[in-house]
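Peer 1: everything below, folded, please.
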Amino acid sequence: MKNPATILVLIMVVFWGCSGNKTPEETGSLHFNLKDSVLRYPIALTYAEDSYNLFFSYKVDGGTEKCGLAQSKDLVNWTANPMSFESEEVGNQNIKTVVTDWNQTTDYSAETSALIAFVTDANEPGTLTVLYSINNGSSWQQDTENTIILADFYEPIQDIKVFWNDEMQTWNLLTLSGYEVRFYSSADLKNWEYLSRFGDDVALKSGQWTSVDFFPMEMAETNETKWVLFISADSGSPNEGSGVQYFVGDFDGYVYQASHNKPKWIDHGSDLYKAVVLSDYRMVAKSPVLIGTLYNSIYEKFSIPNNSPTQFSLPRQLTLKEKFYDYYLIADPVQANEKPTTETINETELTDGKSIEKNLNLPARIDLTFDVNSRLYLGMAESFGVSIKTKEGKELMMGYQAERRYFYIADPSIQRDFPDSWDGFYYAPYVTNEPQLDMTLIIDQNSAELFAMNGLVSVSRKFDFESNSVQLQLFGEQGKVNLQTGSITEF
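Peer 2: Down below sits the predicted model:
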């Protein structure tokens, strides 16, 4: 593994079936991406042998879909792990999920704890194929003697989640098809018994449900266990376009009961999509970590050019808390152990006539804390935050609208260049009662991610800055606001 002084994500070596490879390269990005292939979405995130293992889908020239594997010690710096399959046909199959048989409960783990992958067939709804690996994903074989056939599927299965249910001492399988999630159980990963379904009572259904994840979480204050269900959709998110909705509830091993039928969204932007969470994180004594695709179907819908490569979101550590008489996921961006030099910003009052400006090299992280104790009085800035401009005239604005009470990411060029399509504006409503308001902005050449109120609010945006040299402005508009603390880190 390369060990750069800066926390730059490494481009992966990509293996095409059993042969062919690309050389790892560094890019000016903090996000996992591919330079010469089309990155699609994460399939699974596992942990073994002191490393995180990220299985992901990508396309090579000609449109063939492949499964890749990358490894990391810190979720920031990644290296490739070559994958080989017993045949090219096996390697080209549509892998949907990967699970570890830690307790060696199946025939696949006769020698050691095996990785087991499940494959769907769009032409045969309800039919699943099993692949397995006994060397942590480096090589794979297909179980040709056992094909799983789930009854009563009349349209393709979009996604699958498999996990070991330690409390029930059984395997559970979730399938996503249409607007329905089905639950199954099995002792051997081969013979599955139908248990129940979820989806009938979901209040909002829009577009197509495309991926699923399901995992237990302990409440931060009470240690009570709840079960979180992720369902990604290609439209219907709070700001139009795609997104990841989540439900919090109880699972007795048979039926899932959500505490709310109206979904919440893990990110209020429309650019976080098809997210997965670290599998069996409690088994390996790790924190629950999310990683998703930075993608938005709205760009295609309105024919808005976006030439930046597909990349994954920053990994985010999740916490489940009870706030406002409801359950909410808190998401904090994962940081590498190594820290580059950080510039501290002294306490400053920002007004229409006074801002902070500097030249900035991307990627960068900006941490800000504002005094909003005077928000109820005259003179409080109506809007404050950060503006990023390029010499080519591109601009992205991120901040808080104090008068209307929401965090936002705005792209003025969309409103200028596509006035009859979409306003390019993402917002997350939040009425703050705290005396301080915090924001963390993580920006690279192809994206911007805003985290606020200690991770309760997140807004992500795919954006092509076209250059790593930009101008930063910290501003306050229509009044004044006191910036209490601030720092800028260039990687």
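Peer 1: and the residue nearest the centre of this structure?
Peer 2: Centroid check for the chain by CA atoms, centre = their mean gives residue 292 as the closest residue, at 2.4 Å.
Peer 1: in which helix or strand would I find it?
Peer 2: strand 289-294 (DSSP states H and E).
Peer 1: list the buried residues of that strand.
Peer 2: Residues of strand 289-294 classed as buried by neighbour count (16 or more other CB atoms under 10 Å): 289-294. Where C-beta positions appear, they are placed from N, C-alpha and C, glycine not excepted.
Peer 1: before we move on, what about stretch 434-444?
Peer 2: 437-444.
Peer 1: what do you get for stretch 49-67?
Peer 2: In stretch 49-67, counting by 16+ other CB under 10 Å, buried: 51-58, 60, 66-67.
Peer 1: now swap in stretch 91-98 and tell me
Peer 2: Using 16+ other CB under 10 Å as the burial criterion, the residues of stretch 91-98 that qualify are 91, 93-98.
Peer 1: any low-confidence regions in the chain?
Peer 2: Filtered on pLDDT under 70, the chain yields the residue ranges 1-29, 307, 336-339, 374-378.
Peer 1: and the helices in it?
Peer 2: In the chain, the helices defined using DSSP state H lie at 88-91, 297-301, 412-417.
Peer 1: among those, which comes closest to residue 76?
Peer 2: With CB to CB as the criterion, residue 76 lies closest to helix 297-301 of the helices of the chain, at 27.0 Å.
Peer 1: what's next to the closest one, contact-wise?
Peer 2: Residues outside helix 297-301 that contact it (CB atoms under 8 Å, 6 or more residues apart in numbering) are 207, 234-235, 240-242, 270, 304-306, 422, 462.
Peer 1: please pick the buried ones from those residues.
Peer 2: Listed as buried from the contacts of helix 297-301 are 234-235, 240-242, 270, 304, 306, 422, 462; burial here means 16+ other CB under 10 Å.
Peer 1: got a markdown table for these, with distance to residue 164 too?
Peer 2: Formatted as a markdown table, the buried ones among the contacts of helix 297-301 follow (distance: CB to CB, whole Å):
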| residue | distance to residue 164 |
| --- | --- |
| 234 | 30 |
| 235 | 33 |
| 240 | 38 |
| 241 | 35 |
| 242 | 30 |
| 270 | 34 |
| 304 | 43 |
| 306 | 39 |
| 422 | 43 |
| 462 | 35 |
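Peer 1: between which two of the residues you listed is the distance greatest?
Peer 2: Top of the distance list for the buried ones among the contacts of helix 297-301 (CB to CB): 235 and 306, 16.8 Å.
Peer 1: how about residue 304, nearest residue that isn't a chain neighbour?
Peer 2: In space, and not counting its chain neighbours, residue 304 is closest to residue 418: 6.0 Å by CB to CB, 6 or more residues apart in numbering.
Peer 1: and that neighbour, its phi and psi?
Peer 2: Phi and psi for residue 418, reported as degrees, to the nearest 10, are phi -130, psi 60.
Peer 1: going forward can the numbers begin at 522, since that is how I track them
Peer 2: Shifting the count to begin at 522 puts that one at residue 939.
Peer 1: and it, how far is that from residue 823?
Peer 2: Distance, residue 939 to residue 823, by CB to CB, to the nearest Å: 6 Å.
Peer 1: surely residue 623 and residue 636 touch.
Peer 2: No - the pair residue 623 and residue 636 does not pass the contact test of CB atoms under 8 Å, sitting 10.5 Å apart.
Peer 1: neighbour-wise, which of those two wins?
Peer 2: Between residue 623 and residue 636, counted using other CB atoms under 10 Å, the more crowded position is residue 636 (25 against 15).
Peer 1: the more buried one contacts residue 618, correct?
Peer 2: No - Residue 636 lies out of contact with residue 618 (CB under 8 Å); the separation is 10.7 Å.
Peer 1: what bridges to residue 991?
Peer 2: Counting by DSSP bridges, residue 991 forms beta bridges with residue 881.
Peer 1: now do residue 680 against residue 697, distance only.
Peer 2: The gap separating residue 680 from residue 697 is 4 Å, by CB to CB.
Peer 1: where do the contact lists of the two overlap?
Peer 2: Common neighbours of residue 680 and residue 697 (criterion: CB under 8 Å, 6+ apart): 731-733.
Peer 1: rewinding a little: closest one to residue 597 out of the buried residues of stretch 612-619, please.
Peer 2: residue 619 (21.4 Å).
Peer 1: dump the residue contacts of the closest one.
Peer 2: Contact analysis of residue 619 by CB under 8 Å, 6+ apart lists 564-565, 567, 576, 636-638, 658, 800.
Peer 1: what do you get if the cut-off is 10 Å, keeping everything else the same?
Peer 2: Contact analysis of residue 619 by CB atoms under 10 Å, 6 or more residues apart in numbering lists 564-567, 574, 576, 588, 590, 636-639, 652, 654, 658, 683, 797, 800.
Peer 1: those in strands, which ones?
Peer 2: Among those, the members found in strands (DSSP state E) are 564-567, 574, 576, 588, 590, 636-639, 652, 654, 683, 797.
Peer 1: can you turn the buried part of the residues you listed into a ChimeraX selection?
Peer 2: A single ChimeraX command selects the buried members of those (16+ other CB under 10 Å):
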select :564,565,566,567,574,576,588,590,636,637,638,639,652,654,683,797
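Peer 1: ok, of the ones in strands among the contacts of residue 619, which one's closest to residue 923?
Peer 2: Among the ones in strands among the contacts of residue 619, residue 797 lies closest to residue 923 (CB to CB), at 35.6 Å.
Peer 1: isn't the closest one right up against residue 734?
Peer 2: Yes - at 5.4 Å, residue 797 and residue 734 qualify as touching, with contact defined as CB atoms under 10 Å.
Peer 1: ok, the strand holding residue 813: who's next to it in the sheet?
Peer 2: Its sheet considered, strand 810-815 pairs with strand 793-798 (antiparallel), strand 832-833 (antiparallel), strand 837-844 (antiparallel) by DSSP bridges.
Peer 1: extract the CA atoms of the longest one and return them as CSV.
Peer 2: In CSV, the C-alpha atoms belonging to strand 837-844 read as follows (Å, rounded to 0.1, in the frame of the first residue of the first chain):
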residue,chain,number,x,y,z
ARG,A,837,-19.8,8.2,7.5
GLN,A,838,-19.9,6.9,11.0
LEU,A,839,-23.6,6.4,12.2
THR,A,840,-25.2,7.0,15.6
LEU,A,841,-28.8,6.5,16.4
LYS,A,842,-30.4,9.0,18.7
GLU,A,843,-33.8,10.0,20.0
LYS,A,844,-34.5,13.7,19.2
